[in-house]
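Q: Please find the sequence and the predicted model below.
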Amino acid sequence: ESLAAVAARLEADGIIMDARIMRLKSRLDGTELDIKTGEYIIEKGATVQQVLSILIEGRSVLHKITLPEGRTTAQLLRIIEKDKMLTGDMPEVLPEEGTLLPDTYMFHRGMTRAELIEKMQKAQADLLAEVWPTRQEGLPITTPYEAVILASVVEKETGRADEREEIAALFTTRLKRGMRLQSDPTIIYG
């Protein structure tokens, strides 16, 4: 929206007394083109200077979505699909298992589900590119994708962070010996 439209809406909502004063102040300050788009919280009774400061600094409201570790891609996609702040349909081509980084993501109102999924895929690719070269020598995994698989199975095997290292060591030993993992979570990622 233009500054005039924003000022008119703020006046109509009772946030400011007169939209013309806001337009004039921003024109005199040379800030009328510095207003940033976004969703803002502005208290009734705020001065024109306070309102302009908020809009120019771009202190917009961020929403969050938490996508927990240890979930399958299908489970993560269901959480994304149900979020009411995200917009748009789910992409027709769904991401492969292990290509989304579970985390808490902050976003502005209007972000599409497809954009969030792309952001998650990029975050996963960036993380793997960062940690793969620093992996421990002698592990029985040969690709970053195999590392994600093993980490996912370990995550599903236990919800306790203090047990993960021990379980990962057990699974690594079994893989080195050519044994089956014999872990129920392997069925989930089949």
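A: Nice, I can see it.
Q: Tell me where this structure has helices.
A: Taking DSSP state H as the test, the helices found in the chain are 3-12, 19-29, 48-57, 73-82, 113-131, 144-157, 161-176, 185-188.
Q: Give the buried residues for the fourth one.
A: Across helix 73-82, burial judged by 16 or more other Cβ atoms under 10 Å covers T73, L76, L77, I80. The way it works is simple: take the backbone N, C-alpha and C, and place the C-beta from them, glycine included.
Q: Which residues outside it are in contact with it?
A: 65, 67, 71, 86, 90, 94-100, 102, 113, 116-117, 120 (Cβ atoms under 8 Å, 6 or more residues apart in numbering).
Q: which residues does A19 contact?
A: A4, A7, A8, L10, E11.
Q: can you do 10 Å?
A: L3, A4, A5, V6, A7, A8, R9, L10, E11, A12, V48 (Cβ atoms under 10 Å, 6 or more residues apart in numbering).
Q: Kindly indicate which of these lies nearest I56.
A: Within those, the smallest distance to I56 is 10.7 Å, found for L3 (Cβ to Cβ).
Q: is it true that the closest one touches L55?
A: Yes. Contact status for L3 versus L55: in contact at 8.6 Å, counting by Cβ atoms under 10 Å.
Q: Buried among the contacts of helix 73-82? Need that as a selection in ChimeraX.
A: Buried residues among the contacts of helix 73-82 (16+ other Cβ under 10 Å), as a ChimeraX selection:
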select :65,67,71,86,95,97,98,99,100,102,113,116,117,120
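Q: returning to that earlier point: find the residues that touch each one of L3 and L55.
A: By Cβ under 10 Å, 6+ apart, the residues touching both L3 and L55 are M22, S26, T31, D34, I35.
Q: Determine which two of those residues are furthest apart.
A: For these, and using Cβ to Cβ, no pair is farther apart than M22 and D34, which are 13.3 Å apart.
Q: Between these two, which contacts overlap?
A: Counting by Cβ under 10 Å, 6+ apart, the residues touching both M22 and D34 are L3, L52, L55.
Q: any idea how far the nearest residue to the second one once chain neighbours are set aside lies from G14?
A: Spatial nearest neighbour of L52, excluding adjacent residues (Cβ to Cβ, 6 or more residues apart in numbering): S26 at 5.8 Å. Computed as Cβ to Cβ, to the nearest Å, the S26 to G14 distance reads 20 Å.
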